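Next one to model:
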Amino acid sequence: MAALIVVALSWSWRRVAVDPLTGTATADERDRGSGPAEEAALEHGLRLAERCGGRVLAVSVGPPGAAGPLRAALAAGADEALRVHRAEAAAPRPRPDGGAATAAALAAAIRDR
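As a prediction, this is how the structure comes out:
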């Protein structure tokens, strides 16, 4: 069985403005996607897969708009893409659980795939 290399791609705001009086965070919906760290992780995953004869699965959490980074990953050479929908992932706010619910949703989706 070939190795499966999973690369997580964020679908987040690149810039968020915080109102100094209210603490309200706002972001431009058009300024979303993966950052340089995720792009580097994808490149490393692709190289590792090439060396060990594995396959690359690019994953992302978010609404349908989160498919953009996944399409780019497929164009770069990923073998598969998986988007996990979580409505809670749409707002620019800190996660009280530190992202544990998102990690659990990703793990379940990868197992089920």
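
where exactly do the strands run in the chain?
Taking DSSP state E as the test, the strands found in the chain are 4-8, 12-13, 17-18, 25-26, 32-33, 55-61, 80-84.

Which neighbouring elements make contact with the longest one?
Going back to what we said before, that points to strand 55-61. Under the contact definition 3 or more Cβ pairs under 8 Å, 6 or more residues apart in numbering; DSSP states H and E, strand 55-61 sits against strand 4-8, helix 36-52, helix 67-76, strand 80-84, helix 100-112. Heads up, the C-betas are built off the backbone N, CA and C, glycines and all.

Can you give the strand pairings for it, parallel or anti for each?
strand 4-8 (parallel), strand 80-84 (parallel) (DSSP bridges).

now the fourth one
Taking DSSP bridges as the criterion, strand 25-26 forms sheet pairs with strand 17-18 (antiparallel).

So for Thr22, which of the helices and strands packed on strand 55-61 sits nearest?
Closest to Thr22 of those is helix 100-112 (Cβ to Cβ; 25.8 Å).

what packs against that closest one?
By 3+ Cβ pairs under 8 Å, 6+ apart, helix 100-112 packs against strand 55-61, strand 80-84.

The first one: how far from the chain's middle?
By that I understand strand 55-61. 8 Å (Cα atoms, centre = their mean, to the nearest Å).

tell me the angle that strand makes with helix 36-52.
Interaxial angle of strand 55-61 relative to helix 36-52 (axes from the mean of the first three to the mean of the last three Cα atoms, to 10 degrees): 160 degrees.

follow-up on the earlier one: okay if I get the strands of the chain as a markdown table plus mean pLDDT?
Shown next, in a markdown table, are the strands of the chain (pLDDT from 0 to 100):
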| stretch | mean pLDDT |
| --- | --- |
| strand 4-8 | 94 |
| strand 12-13 | 68 |
| strand 17-18 | 85 |
| strand 25-26 | 80 |
| strand 32-33 | 71 |
| strand 55-61 | 94 |
| strand 80-84 | 94 |
